[in-house]
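In: Quick one, what's the 3D model for this:
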Amino acid sequence: MSKFEQSSNCGATYLSLATIPLLGVVLVAQSLVEAMMELGEASEEVFRGDRLPILNFPDSEPKEEVS
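Out: Numbers count the residues shown, from 1 in each chain. Now for the predicted structure:
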């Protein structure tokens, strides 16, 4: 076997060993994106006001006392 064939086999081995972790990173990134999208939609629901309590504010005009 020549030196070129050995280096070619070595490169193919490294490529095959690097493929599985790379696919794992892609799958984790995809799951992370989906989780962030769901979190964003949930926060929109909170800030929309469906789940916020109704606050009773005092009148903005002060009442005059009768003496």
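In: where along this protein do the helices fall?
Out: Applying DSSP state H to the chain gives helices spanning 3-48.
In: which regions of it sit below the pLDDT cut-off?
Out: By pLDDT under 70, the low-scoring segments of the chain are 1-8, 49-52, 61-67.
In: middle-most residue in it, spatially?
Out: For the chain, residue 36 is the residue whose C-alpha lies nearest the centre (Cα atoms, centre = their mean; 2.5 Å).
In: Please tell me how far that residue sits from residue 27.
Out: In this view, residue 36 and residue 27 are 15 Å apart by Cβ to Cβ, to the nearest Å. (Glycine included, C-beta is placed from N, CA and C.)
In: Equivalent analysis for residue 54, please.
Out: To residue 27, residue 54 is 44 Å away according to Cβ to Cβ.
In: One more: residue 13?
Out: 23 Å.
In: before we move on, what about residue 43?
Out: Relative to residue 27, and taking Cβ to Cβ, residue 43 is found at 25 Å.
In: again with residue 41
Out: To residue 27, residue 41 is 22 Å away according to Cβ to Cβ.
In: before we move on, what about residue 60?
Out: Residue 60 sits 55 Å away from residue 27, going by Cβ to Cβ.
In: and these two? which has more neighbours close in?
Out: The neighbour comparison of residue 60 against residue 27 (other Cβ atoms under 10 Å) goes to residue 27, with 10 against 5.
In: what's the neighbour count on residue 42?
Out: Applying other Cβ under 10 Å, I find that residue 42 has 10 neighbouring residues.
In: should've said residue 34
Out: Residue 34 is flanked by 10 other residues according to other Cβ under 10 Å.
In: ok, now residue 16?
Out: 9.
In: Kindly report the same for residue 46.
Out: Neighbour tally, residue 46, other Cβ under 10 Å: 10.
In: cool, and residue 28?
Out: When neighbours are counted by other Cβ under 10 Å, residue 28 comes out with 10.
In: could you check the distance from residue 16 over to residue 23?
Out: Distance from residue 16 to residue 23, by Cβ to Cβ: 12 Å.
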